[in-house]
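*Asks:* Next one to model:
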Amino acid sequence: MPPASKDKKKIIIKRKKGGDHGGHHGGSWKVAYADFVTAMMAFFLVMWIVGMDDKAKESVQGYFSNPVGFKKGFGSGSSPLASGQAPVVTARSTPLPARLAEEAALNAVQERLEAAFSGEDLEGLKEHVDVTVTHEGLRIEFGEGLIGDATFSSGSAVMTSSMLRAIAILGSEIAPLPNSIIIEGHTDAVPLLRPGGYSNWELSSDRANAARRALQTQGVDQARIVSVRGFADRNPKIPDFREDPRNRRVSILLPFRTPESGDTRENMDTGDAVVTPNAAAPAGDPGAAAPPQEP
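*Replies:* Below is the predicted model:
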């Protein structure tokens, strides 16, 4: 056995300590930051979609359910956001607390009026009393049926007994309210053949004024009545049959006093308008020069 060589080199093994992963030059923090940014982006996207109106939400849902078919409906390269459906373009207005309170109060008045009218013997008028709360305010409409003569005698501004009882119910209910009052008279298109050019313009304004006087006898402050309007047959309820007796009606509107949203106007009243029976009369109409009707 040959002797061990004295020239044999000594093998040295070097071991590196692990665990620093490059110190502050490592990339693990970048992964965590990317996850955080992704989560925040998803959060704000969800909040943005929640703030959309219902129509925009339906558009977004339709787009993701069938992008190809949805794009065909909006045109090439379009999307529900590009079509103006984003909440930035169609932001919803928030109703003011005062407006909500007034809507609740008028809804309560509507319910009381409907109950009172249904419990009263108004003969042929009961089926033609319409009480609604619209974006304008509380509107009460007394109309005619197909037979007619439920509110006024034909061609006359004299109220029927049923109409007088209905106005008494209405007056007692709205007298304590602070809202202004607008009264509108309407007729059908059957022409009036009266001496002196008395037409549907005069008749509609005379009927509106008759309602005004009846309300005042029930304790309604005349200062609240800001406008009395006669529309003749120009605003029919049955446009396809302008001679229909149901076009003869009297409407009483109590406008909202507070704006619907963040409007800077202090109230929604129309101002102190005067009696205007022929404001919409065409040139040459015999009723155009008729003076306002006095109480």
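
*Asks:* Residue 214 reaches residue 171, doesn't it?
*Replies:* Yes. Contact criterion C-beta atoms under 8 Å: residue 214 and residue 171 qualify, at 7.1 Å. All C-beta spots, glycine's among them, are computed from the backbone N, C-alpha and C.

*Asks:* would residue 140 count as being in a helix?
*Replies:* No. Per DSSP: H, G, I helix; E, B strand; the rest coil, residue 140 lies outside any helix segment and is strand.

*Asks:* Could you check stretch 176-185 and say which residues are buried?
*Replies:* 177, 179, 180, 181, 182, 183, 184, 185 (16 or more other C-beta atoms under 10 Å).

*Asks:* Please read the previous query as pertaining to stretch 162-180.
*Replies:* Quick answer for stretch 162-180 (16+ other C-beta under 10 Å): 162-163, 165-167, 169-171, 173-174, 177, 179-180.

*Asks:* Out of the residues you listed, flag the one nearest to residue 248.
*Replies:* residue 163 (11.6 Å; C-beta to C-beta).

*Asks:* The closest one is in contact with residue 125, isn't it?
*Replies:* Yes. At 6.2 Å, residue 163 counts as touching residue 125 under the criterion of C-beta under 8 Å.

*Asks:* who touches both of those two?
*Replies:* Here residue 163 and residue 125 have 142, 150, 151 as joint contacts, going by C-beta atoms under 8 Å, 6 or more residues apart in numbering.

*Asks:* Now for residue 116, how many residues are close by?
*Replies:* Residues contacting residue 116 under the criterion other C-beta atoms under 10 Å number 15.

*Asks:* before we move on, which element is it in?
*Replies:* helix 97-119 (DSSP states H and E).

*Asks:* what pLDDT, on average, does that helix get?
*Replies:* For helix 97-119, the mean per-residue pLDDT is 93.

*Asks:* For it, buried residues please.
*Replies:* 99, 102, 103, 106, 109, 110, 113, 117.

*Asks:* Now render those residues as a markdown table, adding distance to residue 64.
*Replies:* Formatted as a markdown table, the buried residues of helix 97-119 follow (distance: C-beta to C-beta, whole Å):
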| residue | distance to residue 64 |
| --- | --- |
| 99 | 36 |
| 102 | 41 |
| 103 | 36 |
| 106 | 41 |
| 109 | 46 |
| 110 | 42 |
| 113 | 48 |
| 117 | 50 |
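
*Asks:* re the thing from before, of the shared contacts of residue 163 and residue 125, just say which sits nearest to residue 134.
*Replies:* residue 142 (16.5 Å).

*Asks:* Which strand residues bridge that closest one?
*Replies:* Legend: beta-bridge partners of residue 142 under DSSP bridges are residue 129, residue 250.

*Asks:* Let me know how buried residue 261 is, in neighbour terms.
*Replies:* As a measure of burial, residue 261 has 10 neighbours, counting by other C-beta under 10 Å.

*Asks:* what's the distance between it and residue 132?
*Replies:* 21 Å (C-beta to C-beta, to the nearest Å).

*Asks:* try residue 247
*Replies:* 18 Å.

*Asks:* more crowded one of the two?
*Replies:* It is residue 247, of residue 247 and residue 132, that has more neighbours when counted by other C-beta under 10 Å, with 21 against 12.

*Asks:* now the helices: where do they sit in this structure?
*Replies:* For the chain, the helices defined by DSSP state H occupy 28-50, 54-65, 67-74, 97-119, 161-174, 200-217.

*Asks:* Of all these, which one comes closest to residue 11?
*Replies:* helix 28-50 (35.9 Å).

*Asks:* So what are the structural domains in this protein, by residue number?
*Replies:* Following automatic domain parsing, one finds the domains of the chain at 27-85, 97-289.

*Asks:* need those domains in TSV with distance to residue 13, can you?
*Replies:* Listed next are these as TSV, based on distance: least, C-beta to C-beta, whole Å:
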stretch	distance to residue 13
domain 27-85	30
domain 97-289	79
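
*Asks:* just those: most buried one?
*Replies:* domain 97-289 (a mean of 17; mean count of other C-beta atoms under 10 Å).
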